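Enquirer: Dropping a prediction and its sequence here:
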Amino acid sequence: MTGIVVKSTGSWYLVRETATGKLHRCRLRGKFKNKNLKVSNPLAVGDQVDFTVEEQTEGAGVIHHIEPRRNYIIRRSVHKAEHAHIVGANLDQALLVVTLVSPATSFGFIDRFLVTAEAYGIPVTLIFNKTDLYDADLADYQDQILKMYKRTGYPGLRCSAHSGEGLAEVDALLDGKVTLLSGHSGVGKSTLINALVPDLDIKTAEISEFSDKGVHTTTFAEMLEVRPGTYLIDTPGIKELGLVDIPPGQLAHFFPEMRALLNQCRYHNCQHVHEPGCAVREAVEKGKIALPRYDSYVSMLTNEDNRH
């Protein structure tokens, strides 16, 4: 039988059978190696698999084949230093939920996520949540950020899971697609999902006052059915998003506003930091490339951290 992984708890996987929609609790047969990919999880939510049901265990099955992935979003594993963790696979798009307050999402975090999605060809829309907490100055600042990312090719929406602002637009974005919903802990993903899918009782936690970084309420990634044909992959709040396997010489290719200028630099191996005749730095100086985006590029290139 064929199916799609809708939940992973590490050793057991919940698989939705393609033909009937029935859920099966499955385990993985033997050891699956991901070719050329050191990952802590061989199977991810969104993976398409072949499995058989063992008659002696009611409804339980064994996964014996994983279909090649169309794409995936990946991050450094929290537990294994040299490994990566696949957050979700076979995605039509990703929505990154960001907040300007309580907690504030940094440009470094946003841009790392965008670079990772760009590397795997996954379109991203930024969802600015908690707009009900903004005063006039913050609303104006948010408009500037929205425009900056829109110019770069990343659309954004204002949203408040509490007041209902923007929810219809977010719901329309999901229609007929498999969407990964991601973001820092505490940005209101679970509240947003509760607002979009009212019958799902997802735990929401008060922001941790101690660190203002949020409390993990989703422990494992899970694919939720919004309605037939429309799915949302809810992911654990990501505190850190490390870049995986992007060589420094290729990093600028995953910044669309830089990619357009790469053949205009004097040196073909220009890294756009201090080389003379650099078209990218010239564009930054002229305001054609936003300074926060360039700062994120340099911090990724030099492995410095501007995520906080």
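Expert: Cool, got the structure.
Enquirer: D47 contacts V87, correct?
Expert: No: D47 sits out of contact with V87 when judged by Cβ atoms under 8 Å, with a separation of 11.9 Å. Where C-beta positions appear, they are placed from N, C-alpha and C, glycine not excepted.
Enquirer: By average pLDDT, which secondary structure element in this protein comes out worst?
Expert: Taking mean pLDDT, DSSP states H and E as the measure, strand 72-76 is the helix or strand of the chain with the lowest mean score, a mean of 76.
Enquirer: which strands and helices sit next to that strand?
Expert: strand 84-89, helix 107-119 (3 or more Cβ pairs under 8 Å, 6 or more residues apart in numbering; DSSP states H and E).
Enquirer: what would those look like in TSV with mean neighbour count?
Expert: Formatted as TSV, the helices and strands packed on strand 72-76 follow (neighbours: other Cβ atoms under 10 Å):
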stretch	mean neighbour count
strand 84-89	24
helix 107-119	22
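Enquirer: phi, psi of the residue positioned nearest the centre of the chain?
Expert: Averaging the C-alpha coordinates of the chain gives a centre point, and the residue nearest to it by Cα atoms, centre = their mean is S182 (4.6 Å). Note on S182: backbone dihedrals following degrees, to the nearest 10 are phi -140, psi 180.
Enquirer: Pretty sure it sits against A221.
Expert: No: the pair S182 and A221 does not pass the contact test of Cβ under 8 Å, sitting 9.7 Å apart.
Enquirer: Give me the common contacts of those two.
Expert: Residues touching both S182 and A221 comprise 87, 235, with contact defined as Cβ atoms under 8 Å, 6 or more residues apart in numbering.
Enquirer: mind checking pLDDT for the nearest residue to P256 once chain neighbours are set aside?
Expert: Once flanking residues are discounted, P256 sits nearest to G153: 4.8 Å by Cβ to Cβ, 6 or more residues apart in numbering. What the model reports for G153 is a pLDDT of 93.
Enquirer: how many neighbours does G153 have?
Expert: The burial count assigned to G153 is 12, neighbours taken as other Cβ atoms under 10 Å.
Enquirer: Next: the one 5 residues further on.
Expert: Neighbourhood size, R158 [other Cβ under 10 Å]: 18.
Enquirer: hey, what's it bridged with?
Expert: Using DSSP bridges, the bridge partners assigned to R158 are F128.
Enquirer: quick one: contacts for it?
Expert: Contacts here follow Cβ under 8 Å, 6+ apart; on that basis R158 touches 128, 131, 142, 146, 165-166.
Enquirer: From those, pick the one nearest F255.
Expert: If you rank the contacts of R158 by distance to F255 using Cβ to Cβ, L146 comes first, at 18.0 Å.
Enquirer: Contacts only, for the closest residue to L167 other than its chain neighbours.
Expert: Leaving out its chain neighbours, the residue that sits closest to L167 by Cβ to Cβ, 6+ apart is A195, at 5.6 Å. Residues near A195 by Cβ under 8 Å, 6+ apart: 161, 164, 167.
Enquirer: again, only using 10 Å
Expert: When contacts are counted by Cβ atoms under 10 Å, 6 or more residues apart in numbering, A195 touches 159-164, 167, 170-171, 188.
Enquirer: can you list contacts of stretch 255-273?
Expert: The set of residues that contact stretch 255-273 without belonging to it, under Cβ under 10 Å, 6+ apart, is 111, 114-115, 118, 151-154, 248-249, 251-253, 275-284, 288-290, 293-294, 296-298, 300-302.
Enquirer: Return the alpha-carbon coordinates of it using PDB.
Expert: Included here for stretch 255-273 are C-alpha records, laid out as PDB according to Å, rounded to 0.1, in the frame of the first residue of the first chain:
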ATOM      1  CA  PHE A 255      19.600  35.700  -2.400                       C
ATOM      2  CA  PRO A 256      17.400  36.500  -5.400                       C
ATOM      3  CA  GLU A 257      18.400  40.200  -5.400                       C
ATOM      4  CA  MET A 258      22.100  39.200  -5.500                       C
ATOM      5  CA  ARG A 259      21.600  36.400  -8.000                       C
ATOM      6  CA  ALA A 260      20.500  38.900 -10.600                       C
ATOM      7  CA  LEU A 261      23.900  40.800 -10.300                       C
ATOM      8  CA  LEU A 262      26.400  37.900 -10.100                       C
ATOM      9  CA  ASN A 263      27.700  38.100 -13.700                       C
ATOM     10  CA  GLN A 264      28.300  41.900 -13.200                       C
ATOM     11  CA  CYS A 265      31.100  41.600 -10.600                       C
ATOM     12  CA  ARG A 266      34.700  42.200 -11.800                       C
ATOM     13  CA  TYR A 267      35.800  38.800 -10.400                       C
ATOM     14  CA  HIS A 268      33.900  35.600 -11.200                       C
ATOM     15  CA  ASN A 269      34.600  34.300  -7.700                       C
ATOM     16  CA  CYS A 270      33.600  37.500  -5.900                       C
ATOM     17  CA  GLN A 271      32.200  36.900  -2.400                       C
ATOM     18  CA  HIS A 272      30.800  40.400  -2.200                       C
ATOM     19  CA  VAL A 273      32.600  41.500   1.000                       C
END
